[in-house]
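Colleague: Let's see this in three dimensions:
(4 chains)
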There are 2 protein chains.
Amino acid sequence: MTTRASKRPPKGDTEADETVYTAILDAILAGRLVAGTKLAETPLAELFGVSRERIRKVLHRLVAERRLEAVTNRGVRVPCPTPDDVRAIYQAHRVLEAGILVELASRLDDALLGRLADHIACERQAAADGDRAASVRLSGQFHLLIADSLGNAELSAALRDLLSRSSVMVSVFEAATDSICGANEHAAIVEALRARDTARAIALSGDHFRHIETRLRLKMPSGGRPDLPAIFRPPAPAG
Amino acid sequence: MTTRASKRPPKGDTEADETVYTAILDAILAGRLVAGTKLAETPLAELFGVSRERIRKVLHRLVAERRLEAVTNRGVRVPCPTPDDVRAIYQAHRVLEAGILVELASRLDDALLGRLADHIACERQAAADGDRAASVRLSGQFHLLIADSLGNAELSAALRDLLSRSSVMVSVFEAATDSICGANEHAAIVEALRARDTARAIALSGDHFRHIETRLRLKMPSGGRPDLPAIFRPPAPAG
DNA sequence: GTCGTGCCAAATGTGCACATTTTGCCTTGC
DNA sequence: GCAAGGCAAAATGTGCACATTTGGCACGAC
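Modeller: As a prediction, this is how the structure comes out:
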């Protein structure tokens, strides 16, 4: 307490890190940062009004979390996922949710069924109101709700990590704007759970993801940008 | 090209990063770094003969990957997982493998069944030879083999991330030394897959993980160290 | 005798300056 | 006119020195 207001914020730097980190991450997740964009350190430092070292730290953290890609001496870029990459993420989500449904079926209670029903009611309400943004958000949260129901932090974290990567939210948005009937598919899954028909719940969940995958595959290759890295990549093993 | 051999290796620094990173990570995974150990920067820098900044970078990377825990201005420590944490990881693995088995059942072929049979043969051979280390290694690789069979890099990475955290390898070692009959349980799972009995395969897999969990729960609380952070943590929600 | 307070050493966090690499552009030769 | 080589500017990577915080320890008060 020798000096009141020192030259610079003496302890608020930690939140400065968080501010920059959150700003960049939000920009990635919201799709404002187009895939392939290079994030130079100096402009970011000037933009946020912080030192370049601080930007470097945040950027390296995002690289470690696989939110950004880094090349030595050539800076970091927003990853440019190929359609196959996105498909792999949806497939991984499908597999994970199948396992979650198996576990969930063994410890289903009325309280959980009620929460799922409430959520679907919210989804339908948003759809009825024509609130596209809310519909998309609730549609994604349905799967998180299922995962979180197990109360396993590792599983929840793994799923969130999967979803947050490769600008999936944008993809979901693209897919959901076509048809907001997702709530019905969600309701069918819950109904199968209520009937203790695990196999049917898994099958419905799988169909649900395959629907999204199909819509994505129809949309993604027709993107406005050339997506050269994907074009010149060796052909997918068709598996 | 002004000076031939400059003061320091001009380009080998990247591999210096990898050397330090690998050394610390290996020490964590192999259990040589006891949980709760503090990793100060200065001693590590002197030990590896590199600058403190390099150590800092590696440490922060490990923190971002959740291999280490960091507290501001108080350095980084090796995480001290509670028995509940370890149990959660095994539960997550169980859930994930259930989903993998569902997917695997829909695209099973003789080649894959053959590879699984070969692997189990290796496991039994190692058990017959009394090679404990090989048995443990092969036992863990069985689950990785199943996951990798789907050819989904995201799933494989998620599983490896799950396994590598919280010194699971040590736990597996502890559990497996009790009884090396794991190969038989693995064989039963493969047999159910061959019979196209997905439900049975999932049930057997679940039992397999529950066996390990049970052994762990019997062993872990009796550890030699006090494990105070775990002791003074609020009681588990018994769920 | 024990508790509270103030100071000192150590460790962490941060900004800065320099070394190295990359890349776009200019010059030069064919 | 075109291509190849080199040069310069910019951007990244790194070590260093300093500021700040933490934890322990000693001294003094009750």
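Colleague: secondary structure element for the residue of chain A found nearest chain B?
Modeller: Scanning chain A for the residue nearest chain B gives residue A:99, at 3.0 Å (criterion: C-beta to the nearest C-beta). Where you see a C-beta, it was placed from the backbone N, CA and C, and this is true even at glycine. Using DSSP states H and E, residue A:99 maps to helix A:83-105.
Colleague: in that helix, what's buried?
Modeller: By neighbour count with 16 or more other C-beta atoms under 10 Å in any protein chain shown, helix A:83-105 contains the buried residues A:83-84, A:86-105.
Colleague: got it, and stretch A:65-79?
Modeller: Buried residues in stretch A:65-79, counted by 16+ other C-beta under 10 Å: A:65, A:67, A:68, A:76, A:77, A:78, A:79.
Colleague: Among those, which are located in helices?
Modeller: Using DSSP state H, no member of those sits in helices.
Colleague: Can you lay out those as CSV showing pLDDT?
Modeller: Listed next are those as CSV, based on pLDDT from 0 to 100:
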residue, pLDDT
A:65, 91
A:67, 92
A:68, 94
A:76, 95
A:77, 94
A:78, 91
A:79, 89
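Colleague: ok, which pair from the residues you listed is furthest apart?
Modeller: Taking C-beta to C-beta as the measure, the buried residues of stretch A:65-79 span a maximum distance of 14.7 Å, between A:65 and A:77.
Colleague: one step back: in contact with the residue lying closest to the residue of chain A closest to chain B once chain neighbours are set aside: list those residues for me.
Modeller: Residue nearest to residue A:99 in three dimensions, not counting chain neighbours: residue B:99, with 3.0 Å by C-beta to C-beta, 6 or more residues apart in numbering or on different chains. By C-beta atoms under 8 Å, 6 or more residues apart in numbering or on different chains, residue B:99 lies in contact with A:94, A:95, A:96, A:97, A:98, A:99, A:100, A:102.
Colleague: can you pull the pLDDT of residue B:99?
Modeller: Residue B:99 carries a pLDDT value of 97.
Colleague: From residue A:56, how far out is it?
Modeller: Residue B:99 sits at a distance of 38 Å from residue A:56 (criterion: C-beta to C-beta, to the nearest Å).
Colleague: just residue A:45 next, same as before
Modeller: In this view, residue A:45 and residue A:56 are 9 Å apart by C-beta to C-beta.
Colleague: Surely residue A:105 is in contact with residue A:192?
Modeller: No: applying C-beta atoms under 8 Å as the test, residue A:105 and residue A:192 come out as separate, 9.3 Å apart.
Colleague: tell me, what's touching these two both at once?
Modeller: Residues touching both residue A:105 and residue A:192 by C-beta under 8 Å, 6+ apart: A:198, A:201.
Colleague: sorry, back to before: which of the contacts of residue B:99 come close to DNA strand C?
Modeller: Contacts with DNA strand C are made by none of these, judged by C-beta under 7 Å from any atom of the strand.
Colleague: of those residues, closest to DNA strand D?
Modeller: Minimum distance to DNA strand D across the contacts of residue B:99 is 33.3 Å, recorded for residue A:96 (C-beta to the nearest atom of the strand).
Colleague: any low-confidence regions in chain A?
Modeller: Applying pLDDT under 70 to chain A picks out residues A:1-13, A:166-181, A:216-239.
Colleague: repeat that with 50
Modeller: The model of chain A has pLDDT under 50 over residues A:1-12, A:221-232, A:234, A:238-239.
Colleague: mind listing the strands in it by residue range?
Modeller: Along chain A, counting by DSSP state E, strands occupy A:38-39, A:69-70, A:76-77.
Colleague: If we ignore the residues flanking it in sequence, what's nearest residue A:164?
Modeller: residue A:29 is the one closest to residue A:164 (C-beta to C-beta, 6+ apart), at 6.2 Å.
Colleague: Looks like that neighbour contacts residue A:160 (just checking).
Modeller: No: in this structure residue A:29 lies outside contact range of residue A:160 using C-beta under 8 Å: 11.1 Å.
Colleague: neighbour-wise, which of those two wins?
Modeller: Using other C-beta atoms under 10 Å in any protein chain shown as the criterion, residue A:29 and residue A:160 rank with residue A:29 on top: 17 against 13.
Colleague: From residue A:16, how far off is that one?
Modeller: Residue A:29 is 20 Å from residue A:16, where distance means C-beta to C-beta.
Colleague: Equivalent analysis for residue A:82, please.
Modeller: Applying C-beta to C-beta to residue A:82 and residue A:16 gives a distance of 35 Å.
Colleague: Over to residue A:59?
Modeller: 14 Å.
Colleague: Show me which of those two is the more surrounded one.
Modeller: Legend: neighbour count by other C-beta under 10 Å for residue A:59 and residue A:16, higher for residue A:59 (22 against 17).
Colleague: Contacts only, for that one.
Modeller: The contact partners of residue A:59, taken as C-beta under 8 Å, 6+ apart, are A:24, A:39, A:41, A:44, A:68, A:70, A:76.
Colleague: Now do it against residue A:88, distance only.
Modeller: Distance, residue A:59 to residue A:88, using C-beta to C-beta: 25 Å.
Colleague: what about stretch A:192-210, near chain B?
Modeller: Yes: against chain B, stretch A:192-210 shows contacts by C-beta under 8 Å from any C-beta of the partner chain at A:199, A:202.
Colleague: Contacts for that stretch, please.
Modeller: Residues outside stretch A:192-210 that contact it (C-beta under 8 Å, 6+ apart) are A:90-91, A:93-94, A:97-98, A:101-102, A:104-105, A:108, A:113, A:116, A:182, A:185-186, A:188-189, B:102, B:199.
Colleague: ok now it, how far from the chain's centre?
Modeller: In terms of C-alpha atoms, centre = their mean, to the nearest Å, the centre of stretch A:192-210 is set 22 Å apart from its chain centre.
Colleague: so how many other residues sit close to residue A:54?
Modeller: 19.
Colleague: ok, it touching residue A:19?
Modeller: No: using C-beta under 8 Å, residue A:54 is not in contact with residue A:19, being 10.0 Å away.
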